[in-house]
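1. Dropping a prediction and its sequence here:
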2 protein chains.
Amino acid sequence: MATHTHSTAAILSIGDELTLGQKLDTNAQWLSSQLSNRGVVPRVHITLADGLEDLTERIKDLAKTHDLVVMTGGLGPTADDLTRLALANAMGNELVEDAEALAALIARFERAGRTMAEANKVQALRPVNAQCLPNPMGTAPGLHATIGSSDVYCLPGPPRENRPMFENHLLPKLRPERLVLTRVLPTVGVGESTVADLLGDLMSRDRNPLVGTTASSSVVSVRMRYEGSDETEGQRLLDETEAEVRRIIGEHVFANQDQSLAKTVVELMIEQDKTLATVESCTGGMIGQEITDIPGSSAAYVGGFVTYTNQMKIEQVGVSQHSLNEHGAVSREVCLEMALGGQERSGADYSVSVTGIAGPGGGTEEKPVGTVWIGLVGPDGKEDVRRFMFAGDRSLIRSRSATMALAMLWGMLAGKPRIELFWESAD
Amino acid sequence: MATHTHSTAAILSIGDELTLGQKLDTNAQWLSSQLSNRGVVPRVHITLADGLEDLTERIKDLAKTHDLVVMTGGLGPTADDLTRLALANAMGNELVEDAEALAALIARFERAGRTMAEANKVQALRPVNAQCLPNPMGTAPGLHATIGSSDVYCLPGPPRENRPMFENHLLPKLRPERLVLTRVLPTVGVGESTVADLLGDLMSRDRNPLVGTTASSSVVSVRMRYEGSDETEGQRLLDETEAEVRRIIGEHVFANQDQSLAKTVVELMIEQDKTLATVESCTGGMIGQEITDIPGSSAAYVGGFVTYTNQMKIEQVGVSQHSLNEHGAVSREVCLEMALGGQERSGADYSVSVTGIAGPGGGTEEKPVGTVWIGLVGPDGKEDVRRFMFAGDRSLIRSRSATMALAMLWGMLAGKPRIELFWESAD
């Protein structure tokens, strides 16, 4: 292990499927955000095809100019997985079989009740002077080596393996040169450009802490970043900045840290000892899926109904044929009946319903694609039913619908039942 | 304009927000897939921070080694938008104001009823020997230049500007050196390393057509790629390769092209005029969500039940208290009762059920985390109930459960009801 600090980093992603555009690389971004949030600045991302010579040269080159090189991919069992060999060549090493890694690999296959394919054996190879990094999530161990004064890590490509490997093996060994402190306030219900407008000068590029926004699935996160050397001073400046951000947009902040809206909703339900049911039409199960993605959600979520057809709406949650005839499946009346029926039949305290036109077909002049009704009923007869007009394609309309349903639920649980939500549209 | 053909390409993405991991770059992948499917091979993606010297050197370097360099980003009006200047430096040119580009910029602001900020004027600058490319979707024109024998294009970063600019300005000027023909056969039920073992020499790196695999959500896709000059010969070689792949692993191929398993299932259901209901416990709505992601799925999918609690299993789909007491919620008996109850109550032809332990809590010695039962019932009393033992975390166990449920459904619909599936585990 090199003993100096890590000031700069390079990310090297490997695979024809990446350079040819068959697959989107999300590791480079994730790793970069992890590093830069801890004060190690990624200066470059490079993505290379599976080619031994080019890869070898690039590893040598990056190790000369960066304190830390993080490689991802190319650790699989096939002939085009060249990371092990390229690292060995860059180090001037031979490859040897790592006894521990091989034993772990064999044990892994045994536990799964399968015979290990002969091809998998190559995954236990490492350059003589490199170290294997155990990978409990997959067959490919990672690798760590030093080349000159640079730390070089090879992590597996699949994000489910890549991320825990980074957290378990690289993070504890990270020695940032400078202090970086970050905070995140996730918001819902306001568009990203509106947030930027509201924050104004707070987002100036030469400010410290620096304030920025990122948007994902209709959640806009306000990110604050202090760079310096004084922890106390940094926390004080972040306190001031956070207070300022909250003064401007605090009404829409749903958590004190980077977490999903579904997690906040589940936490509030458990805190208040309440239960939830879902009744989904155009989202087809997406809200239930997002909620049950949270470990422990069974303490609050009883389940629900996917009422995709009118018949399911009638039979499973008691929507009336009359409302369907008079107002159509995408209407305030049907949406409210769905929520009420779900509440009654499941016995849950809260029930949220979604019915809309996700497209590409099914739109009319009166109810164009993107028209979505979301209904919410709670204890003591509480009701909230809203119409949204979403832009975008089927996938975006569905994911925005799910987020807005969770946002309405968060509003009712957090005691702000009439919170304004972007894309909401007067009836 | 250089007059030779385009054989290789490099993609150069520019911006601190990319290298720091604040934003995911999707342009590099999109551009690469466009180029590689037309026979121009992207060899490298590079992402750089906003720094003039580094950027200038990299442009020179890439132009020496690639026929085509596509840059994205850094064309905005602020001080850290350095693409124009870096290109000028790399060309040894001065920057000059482009009269046409300036006029277009002024007209754009006028149309929007806004006054142009002085800062925006820099967006009409270009290197003397470069050409501005009109951008109807935004304020930043693109740029085209030649450096040595390389064509260099600068396109704006936002995808909704980047993509039309590529299609309008770059695509018509593309002169691929070679012909590329591709085919994809997606498979399910076999692990990626087993597929590689089975395909063996077919995956040799010097073969033409080249055969490779990619894996995503438990689907392993076999990709074939012919590079050459003769369309007839290419199709003949692809036919041969495809026949060979099908001979080896055809049993698991679920489509003739790159498409999701859910799409295949929906297509088969519509073809056979059958309907489907889902009864989900640990997947919480994920199967319904994946099916309804397919436009037109309403012709086959009636909806279903998320029976997360035992009470919901009893009340909504008629699971017996006796089975729950005797065998537990995660058992063959309850799984089958869920599927049968969902079929009966929804009136659908097919009904698929999932009940399992996704973790991290809830595992026992007898039923560890990862134990998942999947049940499927169809017309004429057809039944298929299987136990799976999945490795991985909550999210992976859930997504693999959903994929295996769809795989069983595909098996029954495609007339291979006992197809072997990876992770399946004898009772």
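-> Thanks, I have the structure now.

2. and the host helix or strand of A:V222 with chain B, contact?
-> Here A:V222, judged by DSSP states H and E, is contained in strand A:219-228. Yes - for strand A:219-228, a contact with chain B is found by C-beta under 8 Å from any C-beta of the partner chain, at A:R223. (C-beta placed from N, C-alpha, C; glycine too.)

3. quick one: strands adjacent to that strand?
-> According to DSSP bridges, strand A:219-228 forms sheet pairs with strand A:179-188 (antiparallel), strand A:210-216 (antiparallel).

4. any idea which helix or strand comes after the first one?
-> Of the helices and strands lying after strand A:179-188 in sequence (DSSP H and E), the nearest is helix A:192-199.

5. in that next one, what's buried?
-> A:192, A:195-196, A:199 (16 or more other C-beta atoms under 10 Å in any protein chain shown).

6. Which one of the residues you listed is nearest to chain B?
-> A:E192 (11.5 Å; C-beta to the nearest C-beta).

7. list the contacts for A:N129?
-> Residues near A:N129 by C-beta atoms under 8 Å, 6 or more residues apart in numbering or on different chains: A:91, A:93, A:145.

8. try 10 Å
-> Listed by C-beta atoms under 10 Å, 6 or more residues apart in numbering or on different chains, the contact set of A:N129 reads A:88, A:91-94, A:96, A:145-147.

9. In terms of pLDDT, where does it sit?
-> Model confidence at A:N129, given as pLDDT, is 98.

10. Tell me how chain A divides into domains.
-> For chain A, automatic domain parsing gives the domain ranges A:8-173, A:179-252, A:261-413.

11. Local confidence estimate at A:S217?
-> A:S217 is assigned a pLDDT of 77 by the prediction.

12. again with A:N37
-> Model confidence at A:N37 (pLDDT) stands at 89.

13. do the same with A:Q235
-> pLDDT at A:Q235 comes out at 97.

14. again, but for the one 5 residues further on
-> Predicted confidence (pLDDT) for A:E240: 98.

15. Okay, helices next: where are they in the stretch 251-400 of chain A?
-> Along the stretch 251-400 of chain A, counting by DSSP state H, counting those that start in this stretch, helices occupy A:261-271, A:286-292, A:310-317, A:321-327, A:332-346, A:394-413.

16. What about A:G370, how many residues nearby?
-> 23 (other C-beta atoms under 10 Å in any protein chain shown).

17. A:T364 is in contact with that one, correct?
-> No - contact between A:G370 and A:T364 fails when scored by C-beta atoms under 10 Å: they sit 11.9 Å apart.

18. re the thing from before, contacting residues around the next helix or strand after the strand holding A:V222?
-> Using DSSP H and E, the helix or strand that follows strand A:219-228 in sequence is helix A:231-249. With contact meaning C-beta under 10 Å, 6+ apart, helix A:231-249 is reached by A:179-183, A:185, A:187, A:189-190, A:194-195, A:198-200, A:202, A:207-211, A:220, A:222-228, A:230, A:250, A:253, A:256.

19. just the angle between helix A:231-249 and strand A:219-228, please?
-> 150 degrees (axes from the mean of the first three to the mean of the last three C-alpha atoms, to 10 degrees).

20. Show me what counts as buried in helix A:231-249.
-> Those would be A:234, A:237-238, A:241-242, A:245, A:249, for helix A:231-249 by 16+ other C-beta under 10 Å.

21. could you dump these to TSV with distance to B:P136?
-> Below are those laid out as TSV (distance: C-beta to C-beta, whole Å):
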residue	distance to B:P136
A:G234	45
A:L237	43
A:L238	42
A:T241	39
A:E242	41
A:V245	36
A:I249	33
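
22. nearest to A:E271, of the residues you listed?
-> Distance to A:E271 across the buried residues of helix A:231-249 (C-beta to C-beta) is lowest for A:E242, with 22.8 Å.

23. what about the residue nearest to A:E344 when sequence neighbours are not counted, neighbour count?
-> Excluding the flanking residues, the one nearest A:E344 by C-beta to C-beta, 6 or more residues apart in numbering or on different chains is A:G318, at 7.3 Å. Residues near A:G318, counting by other C-beta under 10 Å, number 14.

24. And A:G228, by the same measure?
-> As a burial measure, A:G228 scores 15 neighbours (other C-beta under 10 Å).

25. For it, give the beta-bridge partners.
-> When assigned by DSSP bridges, A:G228 has beta-bridge partners A:L179.

26. quick one: contacts for it?
-> Contacts of A:G228 (C-beta under 10 Å, 6+ apart): A:39, A:178-181, A:208-209, A:234, A:237.

27. I'd like to check which residues are in contact with A:P127.
-> So A:P127 contacts A:84-96, A:143, A:145, A:154 (C-beta under 10 Å, 6+ apart).

28. Cross those against strands and list the overlap.
-> Judged by DSSP state E, these include A:95-96, A:143, A:145, A:154 as members of strands.

29. okay, among those residues, which ones form the most distant pair?
-> Applying C-beta to C-beta across these, the maximum distance is between A:V96 and A:C154, 15.6 Å.

30. if you count what's nearby, which of these two comes out ahead?
-> A side-by-side neighbour count of A:V96 and A:C154, using other C-beta under 10 Å, places A:C154 first with 30 against 14.

31. what's the closest residue to that one other than its chain neighbours in contact with, if anything?
-> In space, and not counting its chain neighbours, A:C154 is closest to A:L143: 4.1 Å by C-beta to C-beta, 6+ apart. Applying C-beta under 10 Å, 6+ apart, we find A:L143 in contact with A:71, A:75, A:83-84, A:87-88, A:98, A:101, A:125-127, A:130-133, A:152-155, A:169.

32. do that again at 6 Å, thanks
-> Contacts for A:L143 (C-beta atoms under 6 Å, 6 or more residues apart in numbering or on different chains) come out as A:126, A:130, A:154.

33. For the second one, give its distance to chain B.
-> If I follow you right, that is A:A130. Per C-beta to the nearest C-beta, to the nearest Å, A:A130 is found 22 Å from chain B.

34. burial count for the closest residue to that residue other than its chain neighbours?
-> Of all residues beyond its chain neighbours, the one nearest A:A130 is A:A145 (3.9 Å), with distances taken as C-beta to C-beta, 6+ apart. Counted with other C-beta under 10 Å, the neighbours of A:A145 add up to 24.
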